[in-house]
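Engineer: Provided below for reference: sequence and predicted model.
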Amino acid sequence: KTCSKKKVLRGNRIKKKMLFMLPGVPHETKNMFMHRVLPILVGELGKSKLNSIEINFFGIGESTIQEKIEKFSFSKDIKISYLPETGGVKLILTGDVPKKKLQVYSRKIQRLFKDNVFSTGKVTLEEALGKILKQKKVQLAMAESCTGGLVGSYITNIPGASSYFVGGIVAYSNEAKTKLLGVPPALIKKYGAASLPVAEAMTHGVVKKFSCECGIAITGVAGPTGGTRQKPVGYVCIASCCGKKTMAESFQFYGDRSFIRNRSAATALFQMLSLLKKKQR
């Protein structure tokens, strides 16, 4: 049921538990939770002795994570929560135990999932990517087709992104891919615009265009129309390069146009992050 602002701010206590009743409209619920309920919960947690650690995963599901960490003998005082996010999972360790004890478990989990953990705490995927780009002192450019500039938008959400992000090209049409990124028309004709060879040509083309070290390219079928039997709606090709290293992968995402575009953008950020981490090893 919809409740008044006064009730939301105060909350209700039932047997020492706090109860909040929020509106059913998604955007209203989210805004009210973030700006009214969450501050109350943070205040309440501050009164307790609970400690917590967040571990952020990408490209792996909750069930797989849960299955693999079952071999760890967690203390009964520690609880594990899983929060699904676009393309990944946020795992939260919470317990009335010293922070150091949680950190021991956190390090074990991170070592076990070293290829899927991109950060801990409140660090987002785009923040994690920005941090490693700064560390390596390299610059990044984007070549986007089906995402229409969405990846560039994610990257520039982070203050100070101008120190590592030089710009992007939205090459939506085949002609734009050829004229702006130097993708050979014969390559598009042979493999199609949504293909790994074209994605690779796009990422190398945008690096050359901006004279930078790293590039990301996305091309695919976001839908709801345009799919074929060989390349259905949700078929997306993503390629990243940095120096002499190149990584290219194809994906099949399922969902509406908005979901496919957002999942593609997040996957591109993670792919670039993974490529840069491999260069560090």
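Structural biologist: Happy to help now that I have it. Numbers count the residues shown, from 1 in each chain.
Engineer: flag every buried residue along stretch 207-214.
Structural biologist: 207, 209-210, 212-214 (16 or more other Cβ atoms under 10 Å). All C-beta spots, glycine's among them, are computed from the backbone N, C-alpha and C.
Engineer: out of those residues, which one sits closest to Thr94?
Structural biologist: Proximity of the buried residues of stretch 207-214 to Thr94 (Cβ to Cβ) peaks at Cys214, which lies at 36.9 Å.
Engineer: quick check: the closest one touching Gln139?
Structural biologist: Yes: Cys214 is within contact range of Gln139, at 6.7 Å (criterion: Cβ atoms under 8 Å).
Engineer: which neighbours do the two have in common?
Structural biologist: Shared contacts of Cys214 and Gln139, defined by Cβ atoms under 8 Å, 6 or more residues apart in numbering, are found at Leu133.
Engineer: and the closest residue to Lys136 other than its chain neighbours, what pLDDT?
Structural biologist: Excluding the flanking residues, the one nearest Lys136 by Cβ to Cβ, 6 or more residues apart in numbering is Leu276, at 6.3 Å. Per-residue pLDDT puts Leu276 at 97.
Engineer: what are the phi and psi values at Tyr254?
Structural biologist: phi -120, psi 130 (degrees, to the nearest 10).
Engineer: ok, now which ones touch it?
Structural biologist: Gly234.
Engineer: over to Lys131?
Structural biologist: Listed by Cβ under 8 Å, 6+ apart, the contact set of Lys131 reads Val123.
Engineer: element containing it?
Structural biologist: Taking DSSP states H and E as the criterion, Lys131 maps to helix 125-136.
Engineer: ok, Ala239 next?
Structural biologist: According to DSSP H and E, Ala239 maps onto strand 235-242.
Engineer: what about the strands in this structure?
Structural biologist: 12-14, 17-19, 51-58, 78-85, 88-95, 117-120, 140-144, 165-170, 214-220, 235-242, 245-252 (DSSP state E).
Engineer: so where is the stretch 1-150 of the chain shaky, pLDDT-wise?
Structural biologist: 1-16, 45-48 (pLDDT under 70).
Engineer: try 80 this time
Structural biologist: Applying pLDDT under 80 to the stretch 1-150 of the chain flags residues 1-17, 26-27, 30-31, 34-35, 38-39, 41-49.
Engineer: give me the buried positions along the helix holding Lys131.
Structural biologist: By neighbour count on 16+ other Cβ under 10 Å, the buried set for helix 125-136 is 125-130, 132-133, 136.
Engineer: same question, stretch 192-208
Structural biologist: Per 16+ other Cβ under 10 Å, stretch 192-208 contains these buried residues: 192-195, 197-207.
Engineer: ok, the residues you listed vs Phe118, which is closest?
Structural biologist: Thr203 (20.3 Å).
Engineer: okay then, goodbye and thanks.
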